[in-house]
Structures are given as C-alpha cells and as structure tokens.
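Novice: Generate coordinates for the sequence data below:
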Amino acid sequence: MGVSVARNEMSRDGRSEESDSRLRRRLNRRIRDAVGLTQDPPPRCEDPQLSYMPVDGVARLVHGDLSTMIIGGLGSLFLQMLHPHAMAGVAQHSRYQNDALGRLLQTANFIGHTTYGTSTQAYLDIERVLAVHEAVRGVADDGAPYYANDPHLLAWVHACEASMFLAAYQRYGRVALSDADADTYVAEMSRLARDLGAEDPPSTVRQLWAQIDGFGPELRLSADGEEARSFVADGFVQGTMQKLAHRLFVQASYDLMPDWARTQLGVSPSRRWRAHLLRPATRLLCAFVRRFVPPTERVPVGV
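Specialist: Numbering: from 1, shown residues only. All right, here's what the predicted structure looks like:
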C-alpha cells in the first residue's frame, strides 16, 4: 500500500515537472518572439584565445540579461534620437517602421556575436555593419551633411548604447556591480567602439558620461526624432500583455536618462511616480522575464 502511494506521488511529481518544463519553454519562446528574437542565440565561445570579448568579463554578464537589455536598448534608442544627424540617417535610409522587430533581431545578433562569439565572427559582423553604413549619407534638416561611418557619430551611438545598457543593469540587474565592474564594462566595450571606428572610445564610466555631456550643443529633437520617439514609445508589439510590458519598459528606459535628455525628448514623468511605482513594478517584470529566460552566468576569473 505504502509503495503504491509513493509511486503515485512520484508519478504526479514527474507529470508536474514535465508540465512546468513545457510552460517554461513556451513562455521562453513567447517572450523572445515578442522582442524579435526569433532565432536561437549564437553559440558561445568559451576559449579565451578565440573569444572577442573576455569570457569572464562584465559585458557577458550585462548583455546576458534580456530584461535589462530591453530597457537599456530602448533607452539607447531614445538617447540616439536626440542627435539630428544620427536620426536623419535612420529616417532617410531605414524602413524601421515597416520591420521594427527585424531590425531588433539584427541588432541582437550583432550584440550576441560581438559579446559571445569568436573574434572571427565579431570582425565579420563589424565589417558587415560598416559596409551597410557606407551608403548611409546625406543632408540633415539643418543643411549639414551626415555620414553613418563618421567617427564622431559612431562615438555618439556607442556612448548611448554603453551608457544605457550599463545603467539598466545597474538598476535592475540580478547581480550588483561594483564601480570597478562598471569601469571594466566600459573598457571592454571600448574595443568594439574602436574596431567600428568610433572617435576616442572611453574606458571608464566617468569618461563615458563626460563624452555624452560633450555632445550637448549638438543635441535636439528633430521632426524625424519626434516621429521615431512616438513610434517606439507607442509600441510595435502585439498582444495586450506584451503592450503593457512594453509601456512599462519604455517608462523605465526614460527613467535611466539624465534630466536634460528627458526634457529634450519631452518625457518627464514625476519623481514620485518613478520612485514609488515605476521602479518596483519594473523589478517585478524583470524577475518574471528572468524566470523564463534565465540570464547568463559570469564565468569566475581563472576558470
């Protein structure tokens, strides 16, 4: 009798675990699909001699958390929109409104290959990006010429991405980063900026924000930037729950930015809302995403 009961309980436990596993796989796929990640992640290179980024580095930790990368990615996009020349290139040479998720997938693949891939894979992706950018040139709304491979513009784009990815992880990431970790992240990312041709890549957090501040006189929200801001903020995902999550992530990305950037974008939520409602709600949503899309673990030094 006791043996029979035990077997039944084990059988129920087995079915429960199998059901839970199926649910996790289904939600993992739905979450990834909702943000355009319709392909499996690229294979990880764990050989320090072949890897583009350090296998025990901070970049692999920061870029391995999907929830904070969504927030940081949105923040980076909004910040980039404040440079009229960068925005002119997007508006005149991109069909981002027709295939937003496709563009996100391209960006995700680039980040994946340069973060977790071999140097060979990374350099192939870098050369591909530079080749595409070669044709992205024209005249902005202020009458000045722009060129996507201009080292100055590349520095702006890199600074937006590095600052927002790092800021999102520092606020909502699963692992606390020390000041030294944050500087290490910026230093690791400087190699990518340099290989892309960016001007004076920063190697510390202080240098990174000093570089962003230096762009101040060039920044404003152009008509193209305003249109892009509305498109990204209003959401391009399908489904009620996905749209609600997207809106929360958008607000969280605004919250990462300096006050001057939010003012120029025309998005300045109240401090009370940010501190007492937005951040706790965002932490809960990040925890939910991590439950079904687990973040990557940092490899211990020397392993």
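
Novice: Which parts of this protein are helices?
Specialist: Counting by DSSP state H, the chain has helices at residues 2-34, 58-62, 66-80, 84-93, 100-116, 119-133, 151-172, 179-196, 205-214, 223-234, 240-256, 259-265, 271-273, 279-292.

Novice: Out of these, flag the one nearest P43.
Specialist: Among those, helix 100-116 comes nearest to P43, with 7.7 Å by C-beta to C-beta. C-beta here means a position set from N, CA and C on the backbone, and glycine is covered the same way.

Novice: Nearest to D47, out of the helices of the chain?
Specialist: helix 119-133 (10.3 Å).

Novice: Could you name the helices and strands sitting against that closest one?
Specialist: Using 3 or more C-beta pairs under 8 Å, 6 or more residues apart in numbering; DSSP states H and E, the elements in contact with helix 119-133 are helix 100-116, helix 179-196.

Novice: quick one on the thing from earlier: in a markdown table: the helices of the chain, plus mean pLDDT.
Specialist: Below are the helices of the chain laid out as a markdown table (pLDDT from 0 to 100):
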| stretch | mean pLDDT |
| --- | --- |
| helix 2-34 | 59 |
| helix 58-62 | 98 |
| helix 66-80 | 96 |
| helix 84-93 | 95 |
| helix 100-116 | 86 |
| helix 119-133 | 96 |
| helix 151-172 | 98 |
| helix 179-196 | 98 |
| helix 205-214 | 98 |
| helix 223-234 | 94 |
| helix 240-256 | 91 |
| helix 259-265 | 95 |
| helix 271-273 | 68 |
| helix 279-292 | 94 |
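
Novice: now those in JSON lines, with distance to V139 and mean neighbour count?
Specialist: Shown next, in JSON lines, are these (distance: least, C-beta to C-beta, whole Å; neighbours: other C-beta atoms under 10 Å):
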{"stretch": "helix 2-34", "distance to V139": "37", "mean neighbour count": "11"}
{"stretch": "helix 58-62", "distance to V139": "36", "mean neighbour count": "24"}
{"stretch": "helix 66-80", "distance to V139": "19", "mean neighbour count": "25"}
{"stretch": "helix 84-93", "distance to V139": "8", "mean neighbour count": "21"}
{"stretch": "helix 100-116", "distance to V139": "23", "mean neighbour count": "19"}
{"stretch": "helix 119-133", "distance to V139": "17", "mean neighbour count": "16"}
{"stretch": "helix 151-172", "distance to V139": "14", "mean neighbour count": "23"}
{"stretch": "helix 179-196", "distance to V139": "23", "mean neighbour count": "19"}
{"stretch": "helix 205-214", "distance to V139": "24", "mean neighbour count": "16"}
{"stretch": "helix 223-234", "distance to V139": "12", "mean neighbour count": "16"}
{"stretch": "helix 240-256", "distance to V139": "30", "mean neighbour count": "19"}
{"stretch": "helix 259-265", "distance to V139": "22", "mean neighbour count": "16"}
{"stretch": "helix 271-273", "distance to V139": "40", "mean neighbour count": "10"}
{"stretch": "helix 279-292", "distance to V139": "40", "mean neighbour count": "16"}
